[in-house]
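Engineer: Build the 3D model from these lines:
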Amino acid sequence: MGISHSFNMLFLGRMRREKRIDLIIDVWRSLKQNHDVGLICIGDGEERERLLHDSPEEGLHLPGAIHDIEESGKYLTAADVIVNPGYVGLSIVHAFAFGLPMITCHSTEEGPFHSPEIEYLKDGYNGFLCDSDAVSIAACIDRLILDPDLLARMKANALKTVEEEANIERMIGGFRDAIEYVLHDDDRG
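Structural biologist: Sure, this is the predicted structure:
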């Protein structure tokens, strides 16, 4: 795969402008001034095309969309954190299933408007919620690079979140509870 950096950031999703790929690139460029940091962006879209058109930089990996979990799993395993300053959806579950802390931005009136899965993210426990700027995001990642014990705890906590909260049994239980609620709505009525 050609990934040989001591620390790797990963983006997973559609590479659209609203996902703030430009901000991820700024963060990566800032961090690689002081650290051996690579960036892996899995996904297709206009931002990938733009980055491919520009002269790709050393350490930037753009494999495109990967729908085979065994293939994408190789990249997820090589990564240390997943970074998505834009809208976060199911990528947080993928990240946590591979023990990757999620780095994203707080929702504001201007966005990003995350999906319900953002509830799995506990700031400082299994990832970070940052301000929507390169300085804030880079500071959170820099903290993880400089504190391997914190990174290890966050990775373990990401896995723990999947085991305890983001699992199929809990999803089925939620459906069961919703059905029971609707079926017994007349009893409350």
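Engineer: Report the beta-bridge partners for the residue positioned nearest the centre of the chain.
Structural biologist: When Cα atoms, centre = their mean is applied to the chain, the residue found nearest the centroid is Ile82 (3.6 Å). Using DSSP bridges, the beta-bridge partners of Ile82 come out as Leu10, Met102.
Engineer: Correct me if wrong: it contacts Ile24.
Structural biologist: No: distance between Ile82 and Ile24: 10.4 Å, which falls outside the contact criterion (Cβ atoms under 8 Å). Bear in mind the C-beta positions are built from the backbone N, C-alpha and C, glycine included.
Engineer: what's the overlap in contacts for the two?
Structural biologist: Residues touching both Ile82 and Ile24 by Cβ atoms under 8 Å, 6 or more residues apart in numbering: 9, 11.
Engineer: if we can go back for a sec, per-residue confidence at the residue nearest to the centre of the chain?
Structural biologist: With respect to pLDDT, Ile82 has a value of 97.
Engineer: Would you mind measuring from Asp36 to Met9?
Structural biologist: Here the distance between Asp36 and Met9 works out to 12 Å (Cβ to Cβ, to the nearest Å).
Engineer: If you count surrounding residues, which of these two has more?
Structural biologist: Met9 (25 against 13; other Cβ atoms under 10 Å).
Engineer: What segments of the protein are helices?
Structural biologist: Secondary structure of the chain (DSSP state H): helices at 21-31, 46-53, 69-78, 91-97, 134-146, 148-164, 168-183, 185-188.
Engineer: Just send those helices back as a markdown table, with mean pLDDT too.
Structural biologist: Output for these, formatted as a markdown table (pLDDT from 0 to 100):
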| stretch | mean pLDDT |
| --- | --- |
| helix 21-31 | 95 |
| helix 46-53 | 90 |
| helix 69-78 | 93 |
| helix 91-97 | 92 |
| helix 134-146 | 97 |
| helix 148-164 | 96 |
| helix 168-183 | 76 |
| helix 185-188 | 61 |
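Engineer: Tell me which of those helices lies nearest to Met15.
Structural biologist: Distances from Met15 to each of these were compared using Cβ to Cβ; the minimum, 4.0 Å, belongs to helix 46-53.
Engineer: by contact count, what packs against the closest one?
Structural biologist: Applying 3 or more Cβ pairs under 8 Å, 6 or more residues apart in numbering; DSSP states H and E, one finds that helix 46-53 makes contact with helix 21-31, strand 60-64.
Engineer: So which of these is the most surrounded?
Structural biologist: With neighbours taken as mean count of other Cβ atoms under 10 Å, these reach their highest mean count in helix 21-31, at a mean of 20.
Engineer: picking up where we left off before, any idea which of the helices and strands packed on helix 46-53 gets closest to Arg153?
Structural biologist: helix 21-31 (20.4 Å).
Engineer: Residues in contact with the closest one: which ones?
Structural biologist: With contacts defined as Cβ under 8 Å, 6+ apart, helix 21-31 is touched by 9, 11, 15, 37, 39, 41, 47, 51, 57, 59-60, 83-85, 132-135, 137-138, 141-142, 145.
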